[in-house]
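A.B. asks: Sequence first, predicted coordinates after that:
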Amino acid sequence: MIPAVRPMRPWQARRLARRGIDGIINLAIAAFALAPILWGLSTSLKPTEDILIYPPELIPSRPTLDHYRLLVETGIHGPILNSVIVSIGAVLLSLGVGSIAAYAVARLPFRGKNVLLFLVVALMSIPLPSLIVPTFTFLANIHLTDSLLGLVLLYSAYQIPFVLWILYSYFLSLPVELENAALIDGYSRFQTLRKVVLPLSGPGLVASGLFVVTFAWNDFVVAVAMISSGEIKTLPVAIYGYLGFYGRDWGPLTAAAIISIVPVIAVFIFFQRYFLTGMTSGGSKS
Amino acid sequence: MSGAGITAGEDRLAGAHVGGSAAKARRRWSLRPDERRSLGFILPFLAIEIILVAVPLGIGLYYSFFRVDYFELTQFRGLGNYVRVLTSPMVLASFATTAVFSAFALIFTLTVGMGLALHLERDTKWSVAVRAVALVPYVISMLVGSLLLRWIFSKDAGVMGVMLGPIGLGDIAILADPKTAMAALIFNAIWRDSAFAMIVLLAGLKSIPPQLYAAARVDGAGALYRLWRITLPLMRLSILIAVVRLLIHFVNVLTFALILTGGGPNGATQTTGLALYRLGFIDFRLGEANALAVVVFLFNLVLVACNLLLFRERRRSP
């Protein structure tokens, strides 16, 4: 016996159509967002002769890692290492300074707290391109241009307000009783922060740390202004250099672009929800 | 100490303000022991911000009054640098370019962001995933994003040829024509920042009580009417926040223009951010560059003040 096919009810048909349309829109959004990246990936895997074929191949017919090999041979690991160093330095300094200040704002009494919070939000919203000329003038005066330490300090200065803000909100959400117990047991405020509050603040630390890392890894505007010598270049500055050096040779250029974004996308996929914490917090660093 | 107290700590402070006005003044400036300890906690933060943000701005302001040759202040010019900068055709053209770019980028980014927010409002598995995908252009570096777009828009890639060929524009060199180059720059902004607008707008969208929609539906309001009369008015604050934050970013944009178009063709896409970069780091005219930086910074202060007002507003409304 073949079961009779029941005719679709009108509301079922409407729901199905709606889902279909939603699916198509979702696909269009994904295509719009990812097309430039996927196209870059495709180009980076093509042998040089195939890159300029018209009409272009969407998927490389003869995939090769030549361009990546060229980048490694010409020393892209130097800039990558610099970017890693700067990112780690900026995270450590920002989280250290930011968490201590955030704890004071959340728990300790002092006058002018509102003013301080406004200052934090103002600092979060100052756009970096408008700061680079005076900052370069200042750093040149104290001989801190062309130095990774200079970048670490600047990145920390620009990101500590975010760290402070995220951790301040996070500390407020922790139960104050635990801290009171620690204080009664004779811990100082600083010990309480280090041994009670911070161990409980994993998600807040991860959210703010990720924010600093991606900023430091991605930053181009500040680094290109402060760095000019080859050995100190971070990855984005090196890629900008490639743009001048390779010109219309897009194989190595797209390969460098992919190298730069793969870690960011991986981290973003793993820690997606943490990113949103920082984005809705009031600033607009770019 | 009236107004919205931020923490319990402040309520405790309220008791400190008693006594004569002289004693009050003294108390205002002298630190209590517990405040001294609090200050120790925030001092590193304040020191870093003062040394690396405030001091550079001060030095920049100082330099802006001088003729500067290779970091030597050679001649006091007073407001001369400002006059030079504000009458320079290159700078004036960059103001106009920035205004055009910001206006169009803002309108489109906000519209696309609102569309994304409305489409992805519900927290279904698919919506959450698509939101993440839409955010990818925002989380990768601006430099790389603009670089990849430059490759797509270049004639060599052949992508535009294939896509625009059917409508007879297969031969177009997008980045070589002033009008289409500006369109490409605006596209870069839409591509990168729409998802950012979406996130800000989603926060507002989710704070609208669903009962309102249900009631409107019972009263026979159509989808468009509900959007116009319920959704948009109740999202006023989120929309304003998105507008201000996007404007701060667009008005100062440097990377898009530097990487995607290089300011060309013929300066048609040279934004003020790029003009500032040129003046400071290519022409090395630090006096004029700092004067322009001060002008841009003053303009930014207005936007930052707007952001602060909105921020206060948002904290007041739960």
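C.D. replies: Perfect, thanks for sending it. Predicted model, so just to flag it, every value in this text is computed and none were measured. Numbers count the residues shown, from 1 in each chain, chains lettered A, B, ... in the order given.
A.B. asks: what about the closest residue in space to B:Tyr70 that isn't next to it in sequence, which SS state?
C.D. replies: Nearest residue to B:Tyr70 in three dimensions, chain neighbours excluded: B:Phe284, at 7.2 Å (Cβ to Cβ, 6 or more residues apart in numbering or on different chains). Placement of C-beta: from N, CA and C, glycine included. Following DSSP: H, G, I helix; E, B strand; the rest coil, the label given to B:Phe284 is coil.
A.B. asks: got a list of what the one residue in the stretch 51-200 of chain B that gets nearest to chain A touches?
C.D. replies: Taking Cβ to the nearest Cβ, chain A has its nearest neighbour within the stretch 51-200 of chain B at B:Gly60, 2.6 Å off. By Cβ atoms under 8 Å, 6 or more residues apart in numbering or on different chains, the contact set of B:Gly60 is A:Val133, A:Pro134, A:Thr135, A:Thr137, A:Phe138, B:Asn290, B:Ala293, B:Val294.
A.B. asks: what about it, helix or strand, and which?
C.D. replies: B:Gly60 is part of helix B:55-63 when elements are defined by DSSP states H and E.
A.B. asks: can I assume B:Phe41 is in contact with A:Ala101?
C.D. replies: Yes - taking contacts as Cβ atoms under 8 Å, B:Phe41 lies within contact range of A:Ala101: 6.1 Å.
A.B. asks: Name the residue in these two with the higher neighbour count.
C.D. replies: Neighbours per residue, other Cβ atoms under 10 Å in any protein chain shown: of B:Phe41 and A:Ala101, the larger number sits with A:Ala101, 27 against 22.
A.B. asks: Grab the nearest non-local neighbour of the more buried one.
C.D. replies: Per Cβ to Cβ, 6+ apart, closest to A:Ala101 is B:Phe45, 3.9 Å.
A.B. asks: how many other residues sit next to that neighbour?
C.D. replies: 27.
A.B. asks: From the contact counts, what lies against the helix or strand encompassing it?
C.D. replies: For B:Phe45, the host element (DSSP H and E) is helix B:33-49. The helices and strands touching helix B:33-49, judged by 3 or more Cβ pairs under 8 Å, 6 or more residues apart in numbering or on different chains; DSSP states H and E, are helix A:77-107, helix A:113-125, helix A:148-172.
A.B. asks: Could you pull out the buried residues of the helix holding B:Gly60?
C.D. replies: Of the residues in helix B:55-63, B:Val55, B:Pro56, B:Leu57, B:Ile59, B:Gly60, B:Tyr63 count as buried by neighbour count, 16 or more other Cβ atoms under 10 Å in any protein chain shown.
A.B. asks: repeat for stretch B:175-186
C.D. replies: B:Leu175, B:Thr180, B:Ala181, B:Met182, B:Ala184, B:Leu185, B:Ile186.
A.B. asks: any idea which element the second one lies in?
C.D. replies: Taking DSSP H and E as the criterion, B:Thr180 maps to helix B:178-206.
A.B. asks: what pLDDT, on average, does that helix get?
C.D. replies: Averaged across helix B:178-206, pLDDT comes to 92.
A.B. asks: Check whether that helix comes near chain A.
C.D. replies: Yes - contact of helix B:178-206 with chain A (Cβ under 8 Å from any Cβ of the partner chain) involves B:Trp191, B:Ala195, B:Phe196, B:Ile199, B:Val200, B:Ala203.
A.B. asks: Give me the buried positions along the helix or strand harbouring B:Phe101.
C.D. replies: Remark: B:Phe101 resides in helix B:89-119, with elements defined by DSSP H and E. Buried residues in helix B:89-119, counted by 16+ other Cβ under 10 Å: B:91, B:94-95, B:97-98, B:100-102, B:104-106, B:108-110, B:112-117, B:119.
A.B. asks: so where does B:Arg245 fall, helix or strand?
C.D. replies: Judged by DSSP H and E, B:Arg245 forms part of helix B:236-251.
A.B. asks: Which elements pack onto that helix?
C.D. replies: Using 3+ Cβ pairs under 8 Å, 6+ apart, helix B:236-251 sits against helix B:89-119, helix B:178-206, helix B:286-316.
A.B. asks: quick one: which of those is nearest A:Arg9?
C.D. replies: Among the helices and strands packed on helix B:236-251, the nearest to A:Arg9 by Cβ to Cβ is helix B:89-119 (25.7 Å).
A.B. asks: Give the other helices and strands that that closest one contacts.
C.D. replies: Using 3+ Cβ pairs under 8 Å, 6+ apart, helix B:89-119 sits against helix A:10-44, helix B:125-139, helix B:178-206, helix B:236-251, helix B:272-277.
A.B. asks: what about that helix, distance to the chain center?
C.D. replies: 11 Å (Cα atoms, centre = their mean, to the nearest Å).
A.B. asks: which ones are touching the residue nearest to A:Gln272 when sequence neighbours are not counted?
C.D. replies: Leaving aside its chain neighbours, A:Gln272 sits nearest to B:Ala132 (5.3 Å; criterion: Cβ to Cβ, 6+ apart). Shown in contact with B:Ala132 (Cβ under 8 Å, 6+ apart): A:Phe268, A:Ile269, A:Gln272.
A.B. asks: List just the nearest of those residues to A:Thr214.
C.D. replies: Taking Cβ to Cβ as the measure, A:Phe268 is the one of the contacts of B:Ala132 closest to A:Thr214, at 7.7 Å.
A.B. asks: Now do the same for the spatially closest residue to the closest one that is not a sequence neighbour: its pLDDT.
C.D. replies: Excluding the flanking residues, the one nearest A:Phe268 by Cβ to Cβ, 6+ apart is B:Val139, at 4.9 Å. Note on B:Val139: pLDDT of 92.
A.B. asks: Stretch B:287-298 near chain A at all?
C.D. replies: Yes - interface with chain A: stretch B:287-298 contributes B:Ala289, B:Asn290, B:Leu292, B:Ala293, B:Val296, B:Phe297 (Cβ under 8 Å from any Cβ).
A.B. asks: Nearest to A:Leu183 among those residues?
C.D. replies: Closest approach to A:Leu183 among the residues of stretch B:287-298 next to chain A (Cβ to Cβ): B:Phe297, at 43.4 Å.
A.B. asks: from memory the closest one sits against B:Gly58, does it?
C.D. replies: No - between B:Phe297 and B:Gly58 there is no contact under Cβ under 8 Å: 11.5 Å.
A.B. asks: re the thing from before, using neighbour counts, pick out the buried residues of the helix holding B:Phe45.
C.D. replies: Within helix B:33-49, the residues that qualify as buried are B:Glu35, B:Arg37, B:Ser38, B:Phe41, B:Ile42, B:Pro44, B:Phe45, B:Ile48, B:Glu49, counting by 16+ other Cβ under 10 Å.
A.B. asks: wait, what's in contact with the first one?
C.D. replies: Think B:Glu35. Counting by Cβ under 8 Å, 6+ apart, B:Glu35 has contacts A:Pro109, A:Phe110, A:Arg111.
A.B. asks: Go back to these and keep what's next to chain B.
C.D. replies: With Cβ under 8 Å from any Cβ as the criterion, these include A:Pro109, A:Phe110, A:Arg111 near chain B.
A.B. asks: Checking the second one next. Helix, strand or coil?
C.D. replies: So that's A:Phe110. Under the three-state scheme (three-state DSSP), A:Phe110 adopts coil.
A.B. asks: so what's the backbone phi/psi at B:Phe71?
C.D. replies: Main-chain torsions, B:Phe71, degrees, to the nearest 10: phi 70, psi 0.
A.B. asks: and of the contacts of B:Glu35, the nearest to B:Phe256?
C.D. replies: A:Phe110 (41.7 Å).
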